[in-house]
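J.: what would the 3D arrangement of this be:
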Amino acid sequence: MPENRQIHLDNRPAGEAQASNFVLVTAQTPALQDGEVLVRHHFLSLDPYMRGRMNDAKSYAQPQALGQTMGGGTVGEVVESRNPRYPVGTKVVGMGGWQEYSVVNADVPGALRAVDTRHVPLSAYLGAVGMPGVTAYYGLVHIIAPKAGDTVVVSAATGAVGSAFAALSKARGCHTVGIAGGAEKCKYAVDELGFDACIDYKEYSDAASLSAAIAAACPNGIDGYFENVGGMVLNAVLPRMNAFGRIAVCGMIAGYNGAPLPLTQPALILMQRLKIEGFIVSEHMEVWPAALAELGALVADGKLRARESIAQSLENAPEAFLGLLKGKNFGKQLVKLV
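T.: Numbers count the residues shown, from 1 in each chain. Have a look, this model is predicted:
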């Protein structure tokens, strides 16, 4: 059994996360028991939700344990097997964490899923055809529930969730507007992802000026908003929401380092009779089959061309993760391990 490099959470951040919160260790991979497989990870997923798990605070998920491998999604290949359903060579997606190998009891429901890489690249199962894509699907289809002609807006528009949101909403005939950071990202959103418009929030110093730009891109108001950011962006969107608009709250990355996120005009929720619903996509496993089928078809047909930012080698995962929290990634952030 191979030696296995892992990244552990060594200590909890006080305020902004730092590379010193993590430590690289080497462990011996245990021998396989009946039903288990050894997976060599090809790619590791980095996602904003991981920042919240670094804190020892009440949340929808248990805090990441100190001295243990950071949790996270992985895709890879079975290189040794004592489970007939997963022979050597099977490509799989799971939650192997920040390490090069994982031993998985493949008989546990949901622990591992075999994937087809003939038409969908392996890495896409951590992005467009994985948790981020299903997140976009659930928020759009089950909370915003648009009809053709509706105007929908998404923040962090060129990230893994926003990219999938664009393809899914355009397939439903929506006027789709993105909010992203930087001219290059906004150009990519329109030219490659199919957004009708994209607003560079970095050009605006306050919510009022950003809100004016949103109004120009959404002349008929906003029927549905998918929230990934919070803070100034949410305060800019709220005045542009139409009556009976729907807001799907997926993330609040502006506050992940502990900064408060005041809501400046909460009365608009009442005045516009808004529906605001937060959700965790892992609590809605019933939608995953339909979501993955649609997303896989969009990728295979070339209608969803999600960009990836790829860091090389496990030891670079912490810096890539910290860059993700600052918006330095362009598309889905991955770490390539093979």
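J.: check contacts around Thr158.
T.: 178, 180, 185, 188-189, 193, 307, 330-331 (C-beta atoms under 8 Å, 6 or more residues apart in numbering). In this view, the C-beta of every residue, glycine as well, is placed from N, C-alpha and C.
J.: what comes up buried for stretch 323-338?
T.: 323-325, 327, 329-337 (16 or more other C-beta atoms under 10 Å).
J.: quick one: terminal-to-terminal distance for it?
T.: 22 Å (C-alpha to C-alpha, to the nearest Å).
J.: chain center to that stretch: distance?
T.: 11 Å (C-alpha atoms, centre = their mean, to the nearest Å).
J.: next one: stretch 308-320
T.: 16 Å.
J.: from start to finish, how long is that stretch in a straight line?
T.: Using C-alpha to C-alpha, the two ends of stretch 308-320 sit 12 Å apart.
J.: same check on stretch 191-206?
T.: 27 Å.
J.: make 698 the starting number, not 1.
T.: New numbering, starting at 698: the last item is stretch 888-903.
J.: hmm, who's touching that stretch?
T.: Counting by C-beta under 8 Å, 6+ apart, 854-855, 859-860, 863-864, 867, 872-880, 882-884, 886-887, 907, 910-911, 914, 929-930, 933, 1000, 1002-1004 sit against stretch 888-903.
J.: inside strands: which ones of those residues?
T.: Here DSSP state E is the test, and those give 872-877 as lying in strands.
J.: which helix or which strand is home to Val851?
T.: strand 848-852 (DSSP states H and E).
J.: tell me where the stretch 798-947 of the chain has helices.
T.: 828-834, 857-868, 880-888, 904-914, 929-934 (DSSP state H, counting those that start in this stretch).
J.: and the shortest one, how far out from the chain's middle?
T.: How far helix 929-934 lies from its chain's middle: 20 Å, per C-alpha atoms, centre = their mean.
J.: what mean pLDDT does stretch 702-720 get?
T.: For stretch 702-720, mean pLDDT is 96.
J.: any buried residues in that stretch, and which?
T.: For stretch 702-720, burial by neighbour count (16+ other C-beta under 10 Å) applies to 702-706, 714, 718-719.
J.: alpha carbons only: can I get it in PDB?
T.: Extracted C-alpha coordinates of stretch 702-720, given in PDB (Å, rounded to 0.1, in the frame of the first residue of the first chain):
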ATOM      1  CA  ARG A 702       0.500  12.700   1.600                       C
ATOM      2  CA  GLN A 703      -2.300  14.500   3.300                       C
ATOM      3  CA  ILE A 704      -3.100  18.100   4.300                       C
ATOM      4  CA  HIS A 705      -4.500  18.500   7.800                       C
ATOM      5  CA  LEU A 706      -6.200  21.400   9.600                       C
ATOM      6  CA  ASP A 707      -3.500  22.200  12.200                       C
ATOM      7  CA  ASN A 708      -5.200  25.200  13.900                       C
ATOM      8  CA  ARG A 709      -8.300  27.300  13.500                       C
ATOM      9  CA  PRO A 710      -8.100  30.700  11.900                       C
ATOM     10  CA  ALA A 711      -8.600  33.900  13.900                       C
ATOM     11  CA  GLY A 712     -10.200  36.100  11.300                       C
ATOM     12  CA  GLU A 713      -8.800  35.600   7.800                       C
ATOM     13  CA  ALA A 714      -7.600  32.100   7.000                       C
ATOM     14  CA  GLN A 715      -3.800  31.600   6.600                       C
ATOM     15  CA  ALA A 716      -1.600  29.000   5.000                       C
ATOM     16  CA  SER A 717      -0.200  28.400   8.500                       C
ATOM     17  CA  ASN A 718      -3.600  26.900   9.500                       C
ATOM     18  CA  PHE A 719      -2.700  23.800   7.500                       C
ATOM     19  CA  VAL A 720       0.100  21.300   7.700                       C
END
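J.: give me the number of neighbouring residues for Ser756.
T.: 12 (other C-beta atoms under 10 Å).
J.: rewinding a little: widest-spaced pair of the ones in strands among the contacts of stretch 888-903?
T.: Largest separation among the ones in strands among the contacts of stretch 888-903 by C-beta to C-beta: His872 and Ala877, giving 16.9 Å.
J.: give me the more crowded residue out of those two.
T.: More neighbours surround Ala877 than the other of His872 and Ala877, with 28 against 22 (other C-beta under 10 Å).
J.: buried sites along stretch 892-899?
T.: 892-898.
J.: how about the nearest residue to the residue nearest the centre of the chain, chain neighbours excluded?
T.: In the chain, the C-alpha closest to the average C-alpha coordinate belongs to Pro829, at a distance of 4.0 Å (C-alpha atoms, centre = their mean). Closest residue to Pro829 apart from its sequence neighbours, by C-beta to C-beta, 6 or more residues apart in numbering: Ala857 at 3.5 Å.
J.: list the residues that contact that neighbour.
T.: Neighbouring residues of Ala857 by C-beta under 8 Å, 6+ apart: 744, 824-825, 829-830, 1003, 1028-1030.
J.: check what pLDDT Gly955 gets.
T.: For Gly955, the model assigns a pLDDT of 71.
J.: nope, Ser799 is what I meant
T.: 97.
J.: okay, now the domains of this structure?
T.: What automatic domain parsing lists as the domains of the chain is 700-823+1003-1033, 828-979.
J.: that concludes my questions; thank you for your assistance.
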